[in-house]
Every structure is written in C-alpha cells, then in structure tokens.
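Q: Structure for the following, please:
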Amino acid sequence: MPRLAANLAYVFTERPFIERFAAAAAAGFAAVELQFPYDHAPSAVKAELTRHGLTQLGINAPFGREGEFGLAAVPGREREFDTLFRQALDYIVAIGGRAIHCLAGRVPPEQRPAAEQVFVANLARAADLASEKGITLLIEPINPRDRPDYFLTRVEHAADVIAKVGRENVKVQYDFYHVQIVGGDLIRRFEAHLPVIGHVQVAAVPSRHEPDEGEVNYPAIFQMLDRVGYAGWVACEYRPRGRTEDGLSWARPYGIIPPAGGVIGTP
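A: Numbering: from 1, shown residues only. Sure thing, here's the model as predicted:
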C-alpha cells in the first residue's frame with residue numbers, strides 16, 4: 001500500500017499556507033512536501049510539522065530570476081546556483097526535511113551540450129554539501145509541454161546524469177504525470193530505474209487532477225510499487241478539481257480519510 005504524502009503547493013490550497021499542515025494531518029497524511037516555502041520562517045514551518053506529527057520530505061531549490069525555472073543546468077550561472085542551493089540547504093535542515101529538488105532550468109538547444117557539463121558539476125558540488133547534512137538531492141524529468149526548453153525531460157537522461165555525478169545522495173524524482181507525457185511505458189521504465197529513484201509523485205494525465213481519471217491506471221501503479229519493494233513516499237502533486245477533501249475518495253483505500261466537515265476553524 002503506498003505511503004501517500006501531500007504536496008502543500010498543490011493540495012489544501014483553499015487555506016493559507018501555514019494552515020495546510022493541520023488540514024493534511026486531519027485528512028490522514030503522515031508526510032508533506034513543499035515547493036518554495038521561503039517566504040515563511042523555518043521556525044513556523046517546523047512548529048507546524050511538530051504540532052501535527054508530520055514527516056517533512058523535500059522542497060525545491062529557488063527558481064532564480066523572474067520567469068526562470070531553476071539554474072542547476074544553466075551555463076554561466078554557476079555562482080548563482082551555489083548561492084540558491086545553500087539557501088535551500090539551510091532551510092531544509094532547519095525544518096528537519098530530507099531532500100532538495102534541484103531544478104535543472106530552461107536551456108535553449110544551442111546551449112545543451114555545455115549545460116550537460118554544468119549540470120553534472122553543479123550537482124556534484126551540491127551533493128557533497130548535502131551529504132554532510134544527510135540530505136538527498138532529487139532531479140526530476142519534466143515534460144516540455146508544461147515547461148518548454150526544460151533541460152531534463154526523460155528518466156533515461158536523469159539516470160545518465162546521476163551516473164556521471166557519481167554521488168549516492170543524488171536520485172530521480174519520478175513523477176508519473178511527467179513520465180507518462182514523455183514516453184509512457186511507466187511500469188517498465190520505473191522497474192528499470194528503481195536503483196536511482198528516490199521519490200515518486202502522482203497526478204492524472206492529461207488533466208493533472210486527482211489520479212482517478214485519465215490515461216494512467218494508478219491502482220496498477222501502486223500494486224507495482226509494492227511488488228518491486230519501493231519503500232519511499234508517493235506524493236500527491238495534483239490540482240484538485242474542487243475542494244481538496246471532496247476529491248480524496250480515491251485515496252481512501254490507502255488510509256486517507258478526511259474528517260466529516262473538514263478541519264475545525266478552516267474552510
């Protein structure tokens with residue numbers, strides 16, 4: 001049975017950020033992940049995690065400049081990447097989290113050969129710093145329909161980058177939504193890359209709503225995760241069709257049971 005986690009940048013967004021932790025715990029989630037929590041003091045986030053007994057998973061490294069989507073593979077921006085990564089590392093350590101997603105960034109075709117070397121070198125430096133703190137780095141293939149010119153789009157490429165980096169604490173964030181859009185064959189590709197997969201995310205394709213519609217058979221996916229012995233978390237990174245609790249019936253077989261009437265004092 002999958003261990004489901006709530007991505008608080010996507011679910012429970014009917015509430016102010018700091019109230020989402022309580023809502024996730026009340027619905028039965030035991031873990032959460034964030035994206036860009038930097039506007040909130042780490043002490044405030046840590047207090048909510050402790051209050052509700054939640055495990056904190058990952059956060060994203062900051063985007064970079066307005067309109068950018070990460071810097072890890074962007075040539076000429078290595079110093080900025082280092083600065084932003086240290087910000088993320090300090091934050092994740094302060095809140096007691098486990099991982100940082102290092103966004104590769106947008107790279108035009110003519111810069112892609114140089115970007116490969118930059119990506120590997122940046123990840124190697126960052127991984128050494130993260131290792132000292134017990135933190136895992138994640139890289140995620142993201143489909144070019146949602147993020148045009150994003151450098152990392154395929155699981156196979158991510159696995160090759162990880163081999164070149166050569167650090168045990170660099171893993172793939174395998175988002176079934178993105179992987180389905182870029183190539184499909186979800187189960188066989190997951191099985192082939194299981195040794196380098198560090199985290200899983202789910203959403204319906206093509207809508208990115210609850211994973212109970214569309215072209216991906218998630219009950220079969222969850223059975224596969226059990227069969228291959230995947231022991232990590234499965235994060236709900238989808239956009240609810242309506243109020244988050246109203247769309248959680250799909251997760252009831254996996255232990256997610258929102259309280260009747262929602263969380264007292266919140267929508």
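Q: which stretches of the stretch 51-200 of the chain form strands?
A: Secondary structure of the stretch 51-200 of the chain by DSSP state E, counting those that start in this stretch: the strands cover 55-56, 58-60, 99-101, 136-139, 170-175, 197-202.
Q: Can you give the contact residues for the shortest one?
A: To tie it back to what came earlier, the one meant is strand 55-56. 5, 30-34, 45, 49, 92, 95-98, 233 (CB atoms under 8 Å, 6 or more residues apart in numbering). (Glycine included, C-beta is placed from N, CA and C.)
Q: tell me which residues in the longest helix along the chain are buried?
A: For the chain, the helix reaching the highest residue count under DSSP state H is reported as helix 112-132. Residues of helix 112-132 classed as buried: 115, 116, 118, 119, 120, 121, 122, 123, 126, 127, 130 (neighbour count, 16 or more other CB atoms under 10 Å).
Q: And these, which is closest to residue 77?
A: Using CB to CB, residue 118 is the member of those that sits closest to residue 77, with 8.1 Å.
Q: Was I right to think that closest one contacts residue 70?
A: No. Using CB atoms under 8 Å, residue 118 makes no contact with residue 70, being 12.0 Å away.
Q: Please give me every residue in contact with residue 171.
A: 136, 137, 138, 139, 162, 196, 197, 198, 199 are the contacts of residue 171 under CB under 8 Å, 6+ apart.
Q: before we move on, back to that, now list the buried members of the contacts of strand 55-56.
A: Buried among those by 16+ other CB under 10 Å: 5, 30-34, 45, 49, 92, 95, 97-98, 233.
Q: Next, count neighbours for residue 186.
A: 20 (other CB atoms under 10 Å).
Q: now swap in the one 3 residues further on and tell me
A: By the other CB under 10 Å criterion, the neighbourhood of residue 189 contains 20 residues.
Q: Hmm, it is touching residue 179, no?
A: Yes. Counting by CB under 8 Å, residue 189 does reach residue 179; the two are 6.5 Å apart.
Q: Could you list the low-confidence segments of this structure?
A: For the chain, the stretches with pLDDT under 70 are 260-267.
Q: all helices of it, in order?
A: Going by DSSP H, the chain shows helices at 20-27, 42-51, 78-95, 112-132, 155-165, 176-181, 186-193, 218-228.
Q: Indicate which one of those helices is closest to residue 259.
A: The nearest among the helices of the chain, by CB to CB, is helix 20-27 at 5.4 Å.
Q: Measure how that closest one sits relative to helix 42-51, angle-wise.
A: Between helix 20-27 and helix 42-51, the angle comes out at 10 degrees (axes from the mean of the first three to the mean of the last three CA atoms, to 10 degrees).
Q: Save the contacts of residue 171 as a markdown table, and put in neighbour count and distance to residue 59 too.
A: As requested, the contacts of residue 171 are exported to a markdown table (neighbours: other CB atoms under 10 Å; distance: CB to CB, whole Å):
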| residue | neighbour count | distance to residue 59 |
| --- | --- | --- |
| 136 | 23 | 12 |
| 137 | 29 | 12 |
| 138 | 24 | 10 |
| 139 | 28 | 14 |
| 162 | 23 | 20 |
| 196 | 18 | 21 |
| 197 | 22 | 19 |
| 198 | 20 | 14 |
| 199 | 23 | 12 |
